[in-house]
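Novice: need a structure here:
(4 chains)
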Protein chains: 2
Amino acid sequence: MPAPRTPAGSARERILETAFRLFYAYGPRGVGVDTVIAESGVAKATLYKHFPRKDDLVLAYLDKVDQAWFGALRAAARAAGDAPRDQLVGMYDALAGACRREGYHGCAFINTAAEFPTGSEVHARTVEHKDVVRAWVTDLARRAGAAEPELLARQLTLLLDGGLAAGVLDGDPAVAEAAKRSARALVDAALG
Amino acid sequence: MPAPRTPAGSARERILETAFRLFYAYGPRGVGVDTVIAESGVAKATLYKHFPRKDDLVLAYLDKVDQAWFGALRAAARAAGDAPRDQLVGMYDALAGACRREGYHGCAFINTAAEFPTGSEVHARTVEHKDVVRAWVTDLARRAGAAEPELLARQLTLLLDGGLAAGVLDGDPAVAEAAKRSARALVDAALG
DNA sequence: AAGCTAACAGACAGGTCTGTCTACCACCAG
DNA sequence: CTGGTGGTAGACAGACCTGTCTGTTAGCTT
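Specialist: Take a look at the predicted model:
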């Protein structure tokens, strides 16, 4: 048994997948551990073995969201071509994709950050994620030849956050379209 | 006693002011009714007399935030002069003011919306607020002569939401500066 | 066959939450 | 002086929350 030490439908996977779904829909604080247990068909002891505190489960949830969202962002950028300038605009297609998804409910990081106190481990993890994304965008902006890559990246991530965050209110796809057009205008203004 | 039927330091005022402070800092769901009672120095029966359900208090909180934030937005716009075009950019000074304020913790509406289920009364109230603001911005954009006032308003409120929402992660004032410069670029692009 | 591991099932403790209820007090108008 | 109003103080019910604990079962390895 070289690879599948933890098989696909293992208890841990089921817990995490259920938590992902419920936490995103209702907010981590709005979902009790008992609900996660019931919906994932797992014993309480098993959950607490894999995730000793509920916060550990929340952190794992955030990591899962990070993988999915940051992955979608990079995929959308790549799909727009090789030029960094095109990628800066193309990544907004990931936003459109998110808006269209059933059960879209805004930015998991901002929503979660709103529920946890500022100094907490969970809150810190959300900040980390945003920093990683902004660093990636900054790098793209620099390679695109922006005079002030830090500023452009800040502007573009601001727009991205706004588009994502607004999704908790209404998932209007017009938001994604407006964001993309804004991004194009900002990139054009910054790069001439 | 013609005017002061409800005196300044009345129980209702104290409750609402305390709720405002606590709900914004920890999120409505993160603050128990008992805490509001203790901090406002009021009896439990009194609170439930004025606000029969906790949600009523949350709604009153949102209305208070709405007054404060929308008021600041219009004041900042007015301070930028009479031209609608200048006001569209000037309103972002309200964002800078918010970022600098002690205890700044992002957008109360988005944070609250994240904690309540989509169909609920509280959630609906947050959506209303955003719609009112966007309608106001749309009107400004129209009077500024935008070809697509709906789109420009959507773009500008998106930016505003992004700047506000990001505040729950870190209250970096660079955000407000970037937002204002974005706004100027977008307005210039839309109005020529 | 023996033993180990992972998981299941569910009771339980201790705390917090919302919302109700009783009882008392202070003031002011008639 | 009497009754209404608005407030205080706090017990209480019932639900829900996290986290712990006991005991059992199934499968795999040796």
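Novice: is chain B contacted by the helix or strand harbouring A:Ala96?
Specialist: Assignment of secondary structure by DSSP states H and E places A:Ala96 within helix A:92-100. No: Helix A:92-100 lies apart from chain B when judged by C-beta under 8 Å from any C-beta of the partner chain; the minimum separation is 10.4 Å. Just so you know, the C-beta spots here come from the backbone N, C-alpha and C atoms, and that holds for glycine as well.
Novice: restricting to C-alpha, output that helix in CSV.
Specialist: Once side chains and other backbone atoms are set aside, the C-alpha atoms of helix A:92-100 remain, and they are given as CSV (Å, rounded to 0.1, in the frame of the first residue of the first chain):
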residue,chain,number,x,y,z
TYR,A,92,-11.4,38.2,-13.7
ASP,A,93,-13.0,35.3,-15.7
ALA,A,94,-12.6,33.3,-12.5
LEU,A,95,-14.9,35.8,-10.8
ALA,A,96,-17.5,35.3,-13.5
GLY,A,97,-17.2,31.6,-13.0
ALA,A,98,-17.7,31.9,-9.3
CYS,A,99,-20.7,34.2,-9.7
ARG,A,100,-22.4,31.7,-11.9
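Novice: give me the distance from that helix to the chain's centre.
Specialist: Relative to the centre of its chain, helix A:92-100 is centred 12 Å away, using C-alpha atoms, centre = their mean, to the nearest Å.
Novice: after that helix, heading C-terminal, what element do we hit next?
Specialist: helix A:108-115.
Novice: contact partners of that next one?
Specialist: The set of residues that contact helix A:108-115 without belonging to it, under C-beta atoms under 8 Å, 6 or more residues apart in numbering or on different chains, is A:23-24, A:27-29, A:58, A:61-62, A:65, A:69, A:105, A:122-123, A:126-127, A:129-130, A:161, A:164-165, A:168, B:27, B:29-30, B:106, B:110-111, B:114-115, B:165-166, B:168-169.
Novice: next one: stretch A:122-140
Specialist: Outside stretch A:122-140, the residues that touch it by C-beta under 8 Å, 6+ apart are A:28, A:55, A:58-59, A:62-63, A:66, A:70, A:73-74, A:77, A:84, A:87-88, A:91, A:109-110, A:112-113, A:116-117, A:149-150, A:153-154, A:156-157, A:160-161, B:166, B:169-170.
Novice: report the distance from it to the chain centre.
Specialist: Using C-alpha atoms, centre = their mean, the offset of stretch A:122-140 from its chain centre is 10 Å.
Novice: tell me which element the residue nearest to the spatial centre of chain A is part of?
Specialist: Nearest to the mean C-alpha position of chain A, counting by C-alpha atoms, centre = their mean, stands A:Trp69 at 4.1 Å. Taking DSSP H and E as the criterion, A:Trp69 maps to helix A:54-79.
Novice: the residue in chain A that chain B sits nearest to sits in which helix or strand?
Specialist: Taking C-beta to the nearest C-beta as the measure, chain A has A:Gly162 as its residue closest to chain B, at 2.5 Å. Element membership of A:Gly162 [criterion: DSSP H and E] is helix A:149-165.
Novice: for that helix, buried residues please.
Specialist: Counting neighbours by 16 or more other C-beta atoms under 10 Å in any protein chain shown, one finds that the buried residues in helix A:149-165 are A:149, A:151-165.
Novice: any idea which of the residues you listed is the one closest to A:Arg101?
Specialist: Compare each of the buried residues of helix A:149-165 with A:Arg101 using C-beta to C-beta and the shortest gap goes to A:Leu164, at 12.0 Å.
Novice: pretty sure that closest one contacts A:Ala98?
Specialist: Yes: applying C-beta atoms under 8 Å, one finds A:Leu164 in contact with A:Ala98, separated by 7.0 Å.
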